[in-house]
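Peer 1: what follows is a predicted protein model with its sequence.
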Amino acid sequence: MNGPTRRDFLSVVCGTSLVVTLPGCLDILADEDRQLLFVQMMNYRDETQQLCLRISQNETVVFERVYRVHPADVDEELPGTASPNHYMIDPDLGDQPGDYLVEARYPHNDQWTSLELSDVESSHVGPVVQMFGGFSFPDIYYYEFEEDLPSEEAPSGASGSGPYTLEQGKSFREDQLDDQADRDYEVETDNVCN
């Protein structure tokens, strides 16, 4: 980054609100909430993995599912052209921004991996949950997408973490969902992730 960001400035100014409340600081910080564009799951293990995925918005669980994600080399025929070890969902949480927490774990393990998105500087995010061999828990990182980012400042490929333009993020999401075709990795279960 080149110097302090708006968030850094607001943190310093509004951080004093415990001692002195400055009008409007909490409203300004509320405008900094994020929107989720997608959640992508990637299985780099040698066998199919089940994954519990939970999303909380403003400390309330709003999405909880179990998915079965294939490895890259799979014997069965799957619809679509996307790699079998990549699966993207649009959690369809509406256009309401929020303070999001994305959590993932394997059903046989009680340890959740968490990613809190309140400190992300961009307005829209796309979390990615990765499953690697040799690890007993998944890893989560994210891509950033900015609504008002001039296109000449946005990376053109997926080599960096962003920020990318919001249009690039939406296009990536739509392309991936189209490439998956009618593929459905969701596992029907009564005992979701408890």
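Peer 2: That came through, no problem.

Peer 1: CA only for contacts and neighbour counts going forward, please
Peer 2: Will do.

Peer 1: could you list the domains of this structure?
Peer 2: Domain assignment for the chain by automatic domain parsing gives 1-32, 33-187.

Peer 1: can you put those in CSV and add mean pLDDT?
Peer 2: CSV is the format used below for the domains of the chain (pLDDT from 0 to 100):
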stretch, mean pLDDT
domain 1-32, 37
domain 33-187, 88
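
Peer 1: who wins for proximity to Asn194 among those?
Peer 2: Asn194 sits nearest to domain 33-187 of all the domains of the chain, at 8.6 Å, using Cα to Cα.

Peer 1: pick the most deeply packed of the domains of the chain.
Peer 2: Highest mean neighbour count among those (mean count of other Cα atoms under 10 Å): domain 33-187, with a mean of 17.

Peer 1: start to end distance for it?
Peer 2: 30 Å (Cα to Cα, to the nearest Å).

Peer 1: mind putting the domains of the chain into CSV with distance to Asn194?
Peer 2: Shown next, in CSV, are those (distance: least, Cα to Cα, whole Å):
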stretch, distance to Asn194
domain 1-32, 31
domain 33-187, 9
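
Peer 1: quick check: which of those is nearest to Cys193?
Peer 2: domain 33-187 (5.7 Å).

Peer 1: where along this structure do the helices fall?
Peer 2: Counting by DSSP state H, the chain has helices at residues 6-15, 25-30, 166-180.

Peer 1: centre-most residue in the chain?
Peer 2: Pro127 (1.9 Å; Cα atoms, centre = their mean).

Peer 1: touching, it and Gln35? I think so.
Peer 2: No: the pair Pro127 / Gln35 is not scored as a contact, 10.9 Å apart, by Cα atoms under 8 Å.

Peer 1: wait, what's in contact with Gln40?
Peer 2: Counting by Cα atoms under 8 Å, 6 or more residues apart in numbering, Gln40 touches His86, Tyr87, Met88, Ile89, Gly126, Pro127, Val128, Val129.
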